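In: predicted model and sequence below, questions to follow.
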Amino acid sequence: MKKFKALMQRDTWVKPYLRRYRSLLFFSLFFGVLTAICAAALMFTSGYVIDKSATHPYNILLIYAAVVLTRAFGIGRPVFKYLERLRSHNWVLRVTSDLRRRLYHVLEKDAAFFEEHHRTGDILGILADDLGHLQNLYLRTIFPTIVGYILAFIIIVIMGILNWFYGLILLLLFAIEIILVPLISVNIEGARRYRQKSINNQLYVDLTDNILGAADWVISGRHQDFINRPKPALEKLRASQLKSKHFGWSRDFGLQVVFLIIAIVLIIFTNLHLTANQAQANFVSAFVLAIFPLSDAFIPISAGFDELPIYSDSVARLNDLKVPTRPLPEQVASQPEKFQQLTLKDLTFEYDADSPLLINHFNQTLKKGEKMAVLGPSGTGKTTLLQLILGDLTPQHGNVLVDNIDISALQNDRSKLFSVLNQKPFLFDTTIMNNVRMGNEQASDDAVKAVLDKVNLKDKIEALPDQYNTIVQEAGNRFSGGERQRIALARILLQDTPIVLLDEPTVGLDPITEQELLETFFTLLNDKTIIWITHHLQGVELVDQLVFLSEGQIEMQGNPHKLYEENEHFKQLYEMDRGY
Amino acid sequence: MIDKRLFKLPGVTPVLIVAALLTLLQGGAIIMQAHYLTSVLVLSWRQQPLNTLTTGTILFAIAFLCRQLFIWIKNIILDRYADKASNDMRQQLLDKVYVAGSNDVAQSGTGKLVTVALDGINNVYNYFNLIFAKVMDMFIIPWMILIYIYFHSVRSGLILTLVFPVVILFMILLGFAAQDKADQQYAGFLKLSNHFVNALRGLSTLKFLGLSERYESNVYSVSEDYRRSTMDTLKIAILSTFALDWFTTLSIALLALFLGLGLIGGSIPLFPALVALILAPEFFLPIRDFGNDYHATLNGKNAMTDILDIIDRPTVAQSDTVAPDFQWDENSTLTANHFDLQYAPDPKQPTDLTDIQFTLKGYQKVGIIGMSGSGKSTLLDTIGGFLSPLTADDTATNNFTLNGENLPNMSQKNWQTQFSFIPQFPYLFADTIANNIRFYLPEASDEAVVQAAEKAGLTDFIHSLKDGFETKVGEGGRGISGGQAQRIALARAFLDQNRHILMFDEPTAHLDIETEYALKATMKPLFEQHLVLFATHRLHWLKEMDYILVMKDGRLVQQGTPTELADIAGEYQELTQHMQRRVTI
């Protein structure tokens, strides 16, 4: 709870938004309060109608006003509840749009973040889920609590006006019901819920081991171990959850007891203070019955508090995101059509002092139209090299020059100079036409069709029912790996930059598909400067320079044909690859 | 809403009987609570002194507490059952995974399966809890209340009796209409959140294309579009709750009016009128509760259907036909006798493997080649016993012959513990490197593990790690390169000397050439004294093989020694020539 308080003090992702769209928020809370008031008033007026009628008034008109009111409140309750739900959802969705834009903005500015996310798994999905958790925080904890507090306030004030002593008693009882118990509850349950979350993560790991490693379990013959694997975490989780449930049930019972006392206080109050005459006594049922529908507004507050620690991770994660400030020099306009050479001068890079040197005094010059392939085991800094070239990372030493201008001064124009094709090209969940046109938004339909024809997809696409307007499905079932690469290549052809970076674009494809794809790449990008990261030797005859990276160092380097003649190790590798 | 399989769950009947009894008690307590509250209120109305209220108030309090107590006990009992039943279901699911090995069940997507085993089971648990508690309340409590009210006031009883079917009818009518909308809304919500995750994932691509800054406004406007359409659907989707509330509150207002009129006319006394009014909300409460949790029950029901479908899927259980002392040696033979195989048990679908026939002998080195999708992996999985052949008469017991013994499939415990399987991406368990190496032989000594690691060429790598052999890898542990993961899998094979069969499925396809080159040197000594089955499309491995199976479209189109096959025009020649072709432009 303390942690949560501290978190809330520095928070910029939850609190500020409570000030946004104030009228919407106001009405959503207002309707929430009205819903409860109507529910109470319905029982109040109904109780009055019956008590009053029991005095056999000579004229029905005497209860007419109360009858009309019962109907009004009877209609009011569902209507206000309906409006409240619409308003609160509308508000939350509005805020969600803002939060999404903000999260996108932060991530967009943080290029280095993407290197991070390669290491920590699916952080993007987690962050997107965090926004969903914030929605629940508003709808399930914050709103009901505010509404409950307002209602309690109203009840205590009314009671206080009628009789200050009973007002004080109710104040005390409500303080227990909606302040004390929720705080105790979150203090006891909070830590437990937090622990359950970590046990649940362990369980996730165990189940993943069981399910993804199933074949190995079968082969090992360790059936019993397989069964026992998730048991410790599972038992711990169930035991802890059972404690939570027992706590929840007994707490709710306690809350009901407090509520019962409130009801009895009202019974006593009405008996002692509303029985001076029959006209007053007609309000007895009204007062007592009105309190019962309100239990719905008070009892769930504690359960809402229990959930706070679950949200706190999400809130903390979002608050820890920072827009990085990377000082860039004054930006210069590029002249892509006049591009002559790309120079990597004495590049040295490490992530931090503790991690190994990824790139160590790397030098290379590529003239317009020259092609370089970079090989090496994973983790040797191949992708880092690309990030340095693009200027996403800043080298500790040396620089990347495009026609003698440092890449850091060309960030605004980067997409005119470089295009990138990576392992799994990202295709957006829109039509093929739109996906390709992203390369150049000014391109006409015919231009898009022309590049799709160049990458040999024309026939395949025109055979589809929606042709160029076919939606590229997210999972990519519709297109194979090779075809997705071709769509991405079409996009790059439209982008038409002088330098193309290829980051293992054929990994995971079978050799025949790979071969066809490489032929397409190098034919269509013949006039471009290419830096191509690859992991084996298929197609390396096509480049001018071959660089083998190993632990930050250049292991071998040269023209592939010359290397074959002069370098024994390369010859061996090459021959193995060819199958000699 | 209610899956019939629910009532076939083991041990469900006694639990339901006890819960029903508790619900009856709970209903009784609700009636008593209203009864004594009314008696107290009537006394106050008659302006009686406080001490006359004492008995009534105490009895009211007792009834109130009893009601909460019964709910508490019912929660405990139903929770215990729901917890046990959902956990049993998880256990069954895992058993299924074990029996089916990596494949059949994995068809439903392994990532999804982990989620099903966790979140899906939680949904099922909630479903059990809700469905038993809420449905029970709905079927018992309103009728008890109604009978009590009839007993006191026929007119009130009639009003509630007339309103109830109207509520139900409208709930159904609107519920269906709203349900469609709600489902749409949910789909829309998913699409929205997918769009956002998509935008985040595509951020680097957008940056490369120079669109990322402008896309920010797109993120916002798409989110706003979805908000508007979500609000449109929500307006209708929450109508069902609205209708339920509407009828409930209006019928209370109506009841108050009729009771008032009755009281004025003198046809009923105060007590029955007031008790009917107090009980009216309780009469509708169970059905409103049920309506509120409708969505949760729907999720739970879908989760349960998913899980039961997986559990009910036919799989072949591991059998013990092969004797425990079975050992593959240089004289052993395995023959496949013209079997077919099909993933989906649907006779209309084409078979995935057709008429497979071969004989493997002793310590042969067998290469399996073919284009992507030609059935190489399927064949390996069948030999490994993860898939079971299907034959025309479906009862064939001789799809395989192992050392003269006929077998319907290779899902044989004592066969499966005879081989090591090394796929393209070996799975590393969330454990130490040492325990990953001794996975097949958990009782192997530390020295043996060190030796196996040495043979697999892991020593330098492991020494470079701070925690050495005790380094945690796998989910949540240290990330490890593909090449090192392969070496750990090889170390497993080196460690267990009693496994004389090695199966490889494209083990080096994704590795860089130097790693592959180094790994090949490690693997060659392992091949000795082993039957090797090696699926690959890397040509150079074929030189290490002395027998080749050539797959095409699920058929074994050619088999023989590499030299034999090289001389015959056919798929082998085509494939090798294609692979050998240089990339030219």
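Out: That came through fine.
In: okay, domains of chain A per the record?
Out: A:2-320, A:336-578 (automatic domain parsing).
In: show me the one of these that comes nearest chain B.
Out: For those, the distance to chain B is smallest for domain A:336-578, at 2.7 Å, taking C-beta to the nearest C-beta. The C-beta positions use only the backbone N, C-alpha and C, and glycine is treated the same way.
In: lowest-pLDDT helix or strand in the chain?
Out: You didn't say which chain, so I picked chain A. Least confident helix or strand of chain A, by mean pLDDT, DSSP states H and E, is helix A:113-119 with a mean of 48.
In: if you could check chain B rather than the one you did, that'd help
Out: Min over SSEs of chain B, mean pLDDT, DSSP H and E: helix B:110-115 (a mean of 64).
In: that helix: what's the following helix or strand?
Out: helix B:121-152 (DSSP states H and E).
In: where along the stretch 301-450 of chain B do the helices fall?
Out: Applying DSSP state H, counting those that start in this stretch to the stretch 301-450 of chain B gives helices spanning B:376-383, B:413-416, B:433-437, B:446-455.
In: give me the most central residue, chain B.
Out: B:Val116 (2.5 Å; C-alpha atoms, centre = their mean).
In: tally of neighbours for the residue in chain B positioned nearest to chain A?
Out: Taking C-beta to the nearest C-beta, chain A has its nearest neighbour within chain B at B:Gly210, 2.7 Å off. Other residues lying near B:Gly210 total 22 when counted by other C-beta atoms under 10 Å in any protein chain shown.
In: quick check, pLDDT for it.
Out: Note on B:Gly210: pLDDT of 78.
In: part of a helix, is it?
Out: No - the assignment for B:Gly210, made by DSSP: H, G, I helix; E, B strand; the rest coil, is coil rather than a helix.
In: and it, how close does it get to A:Ile407?
Out: 15 Å (C-beta to C-beta, to the nearest Å).
In: re the thing from before, pull the contacting residues for the residue nearest to the centre of chain B.
Out: B:Leu93, B:Ala303, B:Asp306, B:Ile307, B:Ile310 (C-beta atoms under 8 Å, 6 or more residues apart in numbering or on different chains).
In: shouldn't B:Gln418 be in contact with B:Ile501?
Out: Yes - between B:Gln418 and B:Ile501 a contact is recorded at 5.5 Å, counting by C-beta atoms under 8 Å.
In: ok so A:Val547 is a strand residue?
Out: Yes - under three-state DSSP, A:Val547 sits within a strand.
In: I figured it hits A:Lys371, correct?
Out: No - contact criterion C-beta under 8 Å: A:Val547 and A:Lys371 do not qualify, at 11.6 Å.
In: and for B:Gln418 and B:Ile501, which residues touch both?
Out: By C-beta under 8 Å, 6+ apart, the residues touching both B:Gln418 and B:Ile501 are B:Trp328.
In: averaged pLDDT, stretch B:49-69. What do you get?
Out: 93.
In: what's the answer for stretch A:443-457, then?
Out: Per-residue scores along stretch A:443-457 average to 80.
In: buried residues in that stretch?
Out: For stretch A:443-457, burial by neighbour count (16 or more other C-beta atoms under 10 Å in any protein chain shown) applies to A:Ala443, A:Ala447, A:Val448, A:Lys449, A:Val451, A:Leu452, A:Lys454, A:Val455, A:Asn456, A:Leu457.
In: the residue nearest to B:Gln364 when sequence neighbours are not counted: how many residues sit nearby?
Out: Once flanking residues are discounted, B:Gln364 sits nearest to B:Tyr547: 5.3 Å by C-beta to C-beta, 6 or more residues apart in numbering or on different chains. Around B:Tyr547 there are 21 other residues, counting by other C-beta under 10 Å.
In: what are the boundaries of the strands in the stretch 401-550 of chain B?
Out: B:405-407, B:419-422, B:501-505, B:531-535, B:547-552 (DSSP state E, counting those that start in this stretch).
In: what does the stretch 301-450 of chain B put close to chain A?
Out: Within reach of chain A by C-beta under 8 Å from any C-beta of the partner chain, the stretch 301-450 of chain B has these residues: B:318, B:371-372, B:384-386, B:413, B:416-417, B:419-421, B:423, B:427, B:429-431, B:439-440, B:442.
In: which residues touch residue 82?
Out: Just going to use chain A. A:Tyr82 neighbours (C-beta under 8 Å, 6+ apart): B:Ile238, B:Leu239, B:Thr241, B:Phe242, B:Asp245.
In: right idea, wrong chain: chain B
Out: By C-beta under 8 Å, 6+ apart, B:Ala82 lies in contact with B:Tyr125, B:Asn126, B:Phe128, B:Asn129, B:Phe132.
In: ok, now A:Ile156?
Out: A:Gly167, A:Leu170, A:Leu171, A:Phe174.
In: could you list the low-confidence segments of the stretch 251-400 of chain B?
Out: B:294-296, B:314-317, B:343-350, B:390-396 (pLDDT under 70).
In: do the stretch 251-400 of chain A as well
Out: Those would be A:323-325, A:352-357, A:378-379, if you go by pLDDT under 70 across the stretch 251-400 of chain A.
In: show me where it has its helices.
Out: A:278-281, A:284-291, A:295-298, A:300-306, A:308-320, A:382-390.
In: turn those into TSV, columns for mean neighbour count.
Out: Converted to TSV, the helices of the stretch 251-400 of chain A look like this (neighbours: other C-beta atoms under 10 Å in any protein chain shown):
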stretch	mean neighbour count
helix A:278-281	15
helix A:284-291	25
helix A:295-298	19
helix A:300-306	21
helix A:308-320	18
helix A:382-390	22
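In: wait, which of the ones you listed is closest to B:Asp83?
Out: Ranking these by their distance to B:Asp83 (criterion: C-beta to C-beta) puts helix A:300-306 first, at 19.0 Å.
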